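1. Got a predicted structure plus its sequence, pasted below:
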Amino acid sequence: MKSYTITVNGTAYDVTVEEVANGQAPAAAAAPKAAPKAAPKAAPKAAAAAGGGSIKVNASVPGKVVKVSASIGQSLKAGDTVVVLESMKMEIPVVAPQDGTVASIDVNEGASVESGDTLATMN
């Protein structure tokens, strides 16, 4: 048996490997231990004005926030860029779904987001 420490995405795992001869299966194989799951990193939230608005601006793809183009209190027209996401090495603008005023920005630059996450709200 040989023991190794393997690091995956910054998390260290201790692994034991049993050597076998002539391709034979080991006599008694222990069930593998479940790897510890890293706690998800919560993205810090930007300040919200009066608890947010009724119109949600959601991420259409998973990715990383590379730019927050709008600010709280800013008036936007439908199609104006609110946030720019980077996904699959492409920059994707997330736009206002309708005319309104930005009530909250719920992400910061550098934050990772999943598809459907609320990035901002509008009134």
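-> Alright, I've got the coordinates.
2. show me what contacts the residue of the chain positioned farthest from its centre?
-> No residue in the chain sits farther from the centre than residue 22, which is 45.3 Å out by Cα atoms, centre = their mean. By Cβ atoms under 8 Å, 6 or more residues apart in numbering, the contact set of residue 22 is empty. Using the backbone N, CA and C atoms, a C-beta is placed for each residue, glycine as well.
3. what helix or strand is it on?
-> Using DSSP states H and E, residue 22 sits within no helix or strand.
4. That one and residue 1: what is the separation?
-> With the distance defined as Cβ to Cβ, to the nearest Å, residue 22 ends up 18 Å from residue 1.
5. Also residue 77?
-> Here residue 77 is placed at a distance of 66 Å from residue 1 (Cβ to Cβ).
6. Neighbour count: those two, which is higher?
-> Each of residue 77 and residue 1 has its neighbours counted (other Cβ atoms under 10 Å); residue 77 has more, 10 against 7.
7. Tell me who's in contact with the closest residue to that one other than its chain neighbours.
-> Distances taken as Cβ to Cβ, 6 or more residues apart in numbering put residue 99 closest to residue 77, at 5.4 Å, once the chain neighbours are dropped. Residues in contact with residue 99 (Cβ under 8 Å, 6+ apart) are 75, 76, 77, 78.
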